[in-house]
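In: structure of the sequence below:
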Amino acid sequence: MPDAPTQSHSNHARYMPAFHFFVLPVLFINAIVQIVGAARAPGAATAWGAVVALALAAAAVLLRVMALTVQDRVIRLEETLRLTRLLPSRAADIARLSRSHFVALRFASDAEVSGLIDRILAGEITSRRDIKAAVKDWRPDFFRA
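Out: Numbering: from 1, shown residues only. The predicted structure is shown next:
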């Protein structure tokens, strides 16, 4: 089920409230509290508590990064298949695109993707943000993790 009835460049970013606004803040605050506690009362137990708190906060961040990395790889595969179907004569150009380009191009309509690829390869637009901002006919992606 879609997160919103429509999606555009201005509202496509996705937050998971339980993760972004509860889990991460609690883990980071806990890490700070444990570090302060270890500094105020040095010892093996307080030092170990601080290490574990830092490990938990790092694990949460790394888990998110790993999930997004896997999703980016899937997007790259999906977009490679889509672009190969849409632009069979441009296989060499498609091969020159980066993972970041594919991630941004997934929002472009079939009709405008060729022009955007031309602009990317010419160096006119390079970042994900610039590519997404250049999309005129937005294809929503409601499945981003």
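In: and Met1, what pLDDT?
Out: Predicted confidence (pLDDT) for Met1: 46.
In: oh, I was asking about Leu54
Out: Predicted confidence (pLDDT) for Leu54: 98.
In: start at 41 instead
Out: Let's use 41 as the start, then, which means that last one is Leu94.
In: that one and Val143: what is the separation?
Out: 30 Å (Cβ to Cβ, to the nearest Å). Every residue, glycine included, has its C-beta placed from N, CA and C.
In: neighbour count: those two, which is higher?
Out: Val143 (21 against 17; other Cβ atoms under 10 Å).
In: flag the shaky bits of the chain, pLDDT-wise.
Out: 41-45, 48-51 (pLDDT under 70).
In: hey, where'd the helices end up in the protein?
Out: 57-58, 64-80, 84-126, 131-135, 139-145, 153-161, 168-174 (DSSP state H).
In: noted, bye for now.
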